[in-house]
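Chemist: Show me the folded form of this:
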Amino acid sequence: MKLEQLYTKCLSEAAYYIESEGEIAIIDPLRDIDVYIDMARKSGGTIKYIFETHFHADFVSGHIDLARRTGAKIIYGPNADAKFDFHQAENGEVFPLGEVSFTLLHTPGHTMESSCYLLKDENGKNHSVFTGDTLFVGDVGRPDLAVKSGEITKEDLAGNLYDSLYTKLLPLEDDVLVFPAHGAGSACGKNIGAETSSTIGEQKQTNYALQNISREQFIEEVTDGLLAPPSYFFTDVMMNKNGYEDIDDVIERNLNPMSYSEVIGAQTKGVCLLDTRQPSDFAKGFIKGSINIGLKGQYAPWVGALIDPESTLILITDKDSEKEAVTRLARVGYEKVQGFLDGGVDAAEDTLCKIENKSAADVTQLIDEDKSTILDVRKPGELQNGFVPGSIHIRLQELPQKMSSLNKEEPLVVYCAGGYRSMIACSLLAANGFNSLINTDGGYAKLSKEKLLAVSYGSSCSREI
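Modeler: Okay, the predicted model is just below:
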């Protein structure tokens, strides 16, 4: 048996390739499916099953195109409802694959169709379980994404999740491997651990939700502190249920070179200019009004968190990065790309704007002189590791709605953990008329080494807006 985890760091997403005796199963594939087809071709095997753990919200799955290209059967668990051909499996249904087999475990809670797939090896022993968004390393799936007004609440789903975990997964042997659909950084859990796999035994010992707590305690724990999901989640669920255009056609249509005058003309009509270069390059010169979300980071999820899925985009990229930028947008359902600026910012005919990108030492001096407002755009949980005294805290996802509380006339120093998110924030602020902006190069990681008096979360030294 061959088992391989295919982890896509920018999406914090794990797909899986399992092969036995020339038969192959793919679990939770990404939309760009060539990697799975190439792997099967090289091994001489045939893709037999496409196992989906649920209707994903944070990315567009490759299930439909993969089935179309290979003839493999798409499998979902009970309660699944979709507008394409698939096999709706029953709880406990077995799927043979060469000398191994998968058993579907219906585990509602994250969503009502959520299911895990238990892999038995050649000897019939429980080997591993593919848990989708039901169980993560150190966390469990959020129970608020499938809430239906008047029908089911997040508390109802959390109760279902408790039952699924405690009756379907925890009874498995301690040495059974756990392979979830996501790792750290995914918005599908509250605080997913850094590892991308574990064991049932390890999760019994370390996962806060599996500490033999009551059903009521569990519901309270997993529903507490949930942040609003990105708006694109609901777009992606519908695409995964209803179908979508072939990604190759999307890429071909979106890779449209545009002149500078065409780009500026489109911008005046409301098209969003998305600059995908590194934060340090963006700071040195950018087109007025453009938003920086760097390709070398969690690019697509941040686009999803900050830009409306219905927006029309024009991309500004480094040379030869256009296709990657378009492909990664398509993975999360962003298909309305009018084109890209041919020649990048070098093609700009007007004076470029700039943002000061200062070192932690220089920012520390500004803070000591008390000459600037300090803005922290990290997640609430990150403040527990310390923050700059007197800083204002607005997490990046909420900045578009809350920036009106900031004074455009005052110098504003922005920081995050390392400098990536703070430059996104600076670009958003600049596009909305803030002209005196300083990005902290290296973020809090560098600031904390400058011996600032970082204090614990909860102190009055940080103001939440």
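Chemist: For Y260, give me its contacts.
Modeler: If a contact means Cβ atoms under 8 Å, 6 or more residues apart in numbering, then Y260 has L341, G343, A347, A348, E349 as its contacts. (Each C-beta comes from the backbone N, C-alpha and C, glycine too.)
Chemist: switch the cut-off to 10 Å
Modeler: Contact analysis of Y260 by Cβ atoms under 10 Å, 6 or more residues apart in numbering lists I287, L341, D342, G343, V345, D346, A347, A348, E349, D350.
Chemist: among the residues you listed, which two are most distant?
Modeler: Pairwise distances across the contacts of Y260 (Cβ to Cβ) peak at 16.0 Å, for the pair D342 and D350.
Chemist: How is the chain divided into domains?
Modeler: 2-233, 246-347, 356-464 (automatic domain parsing).
Chemist: Nearest to N240 among those would be which one?
Modeler: The closest of the domains of the chain to N240 is domain 2-233. By Cβ to Cβ, the value is 4.7 Å.
Chemist: where are the low-confidence patches of the stretch 101-250 of the chain?
Modeler: Scanning the stretch 101-250 of the chain for pLDDT under 70 picks out the ranges 149.
Chemist: run the last query once more with 90
Modeler: Of all residues in the stretch 101-250 of the chain, those with pLDDT under 90 make up the ranges 147-151, 185, 190-191, 212, 225-228, 231.
Chemist: So which residues of it form strands?
Modeler: 115-120, 126-132, 135-136, 139-140, 177-180, 198-199 (DSSP state E, counting those that start in this stretch).
Chemist: Reformat these as JSON lines; add mean neighbour count.
Modeler: Shown next, in JSON lines, are these (neighbours: other Cβ atoms under 10 Å):
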{"stretch": "strand 115-120", "mean neighbour count": "25"}
{"stretch": "strand 126-132", "mean neighbour count": "25"}
{"stretch": "strand 135-136", "mean neighbour count": "30"}
{"stretch": "strand 139-140", "mean neighbour count": "27"}
{"stretch": "strand 177-180", "mean neighbour count": "25"}
{"stretch": "strand 198-199", "mean neighbour count": "20"}
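Chemist: With distance to N385 as new columns, can those strands be given to me in CSV?
Modeler: Converted to CSV, those look like this (distance: least, Cβ to Cβ, whole Å):
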stretch, distance to N385
strand 115-120, 33
strand 126-132, 28
strand 135-136, 21
strand 139-140, 18
strand 177-180, 25
strand 198-199, 24
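Chemist: can you pull out the helices in the stretch 101-250 of the chain?
Modeler: 154-164, 200-206, 215-223, 232-242, 247-254 (DSSP state H, counting those that start in this stretch).
Chemist: For the shortest one, name the packing helices and strands.
Modeler: Read it as helix 200-206. Here helix 200-206 touches strand 126-132, strand 135-136, strand 177-180, strand 198-199, going by 3 or more Cβ pairs under 10 Å, 6 or more residues apart in numbering; DSSP states H and E.
Chemist: Any idea which of these gets closest to Q5?
Modeler: strand 177-180 (6.4 Å).
Chemist: elements contacting the closest one?
Modeler: Using 3+ Cβ pairs under 10 Å, 6+ apart, strand 177-180 is in contact with strand 2-8, strand 13-20, strand 115-120, strand 126-132, strand 135-136, strand 198-199, helix 200-206.
Chemist: mind redoing it with 6 Å?
Modeler: When contacts are defined as 3 or more Cβ pairs under 6 Å, 6 or more residues apart in numbering; DSSP states H and E, strand 177-180 sits against strand 126-132, strand 198-199.
Chemist: Which one of those strands lies nearest to T440?
Modeler: Closest approach to T440 among these (Cβ to Cβ): strand 198-199, 34.6 Å.
Chemist: quick one: contacts of the closest one?
Modeler: Contacts of strand 198-199 with the rest of the structure, by Cβ atoms under 6 Å, 6 or more residues apart in numbering, involve V137, D175, L177, V178.
Chemist: Would you list the strands that it pairs with, along with their directions?
Modeler: strand 177-180 (antiparallel) (DSSP bridges).
Chemist: How far off centre is the strand it pairs with?
Modeler: Counting by Cα atoms, centre = their mean, to the nearest Å, strand 177-180 is centred 19 Å from the centre of its parent chain.
Chemist: one step back: would you list the buried entries among the contacts of Y260?
Modeler: Buried members of these, scored by 16 or more other Cβ atoms under 10 Å, are I287, L341, V345, A347, A348.
Chemist: Now A82: phi and psi?
Modeler: Note on A82: its backbone torsions stand at phi -140, psi 160 [degrees, to the nearest 10].
Chemist: Tell me the spacing between it and A209.
Modeler: Per Cβ to Cβ, to the nearest Å, A82 is found 29 Å from A209.
Chemist: who has more neighbours, these two?
Modeler: Applying other Cβ atoms under 10 Å to A82 and A209 shows that A209 carries more neighbours, namely 23 against 18.
Chemist: isn't the more buried one right up against D139?
Modeler: No - using Cβ atoms under 6 Å, A209 is not in contact with D139; the gap is 7.1 Å.
Chemist: residue ranges of the helices in the stretch 351-465 of the chain, please?
Modeler: Taking DSSP H, counting those that start in this stretch, the helices of the stretch 351-465 of the chain run over residues 360-369, 399-402, 420-431, 443-447.
Chemist: What residues sit buried inside the second one?
Modeler: The reference is to helix 399-402. Applying 16+ other Cβ under 10 Å to helix 399-402 flags L399, P400 as buried.
Chemist: quick one: average confidence on that helix?
Modeler: For helix 399-402, the mean pLDDT works out to 95.
Chemist: Which neighbouring elements make contact with it?
Modeler: By 3+ Cβ pairs under 6 Å, 6+ apart, helix 399-402 packs against no helix or strand.
Chemist: Tell me which residue lies farthest from the centre of this protein.
Modeler: Centroid-distance maximum for the chain: E369 at 38.3 Å, with Cα atoms, centre = their mean.
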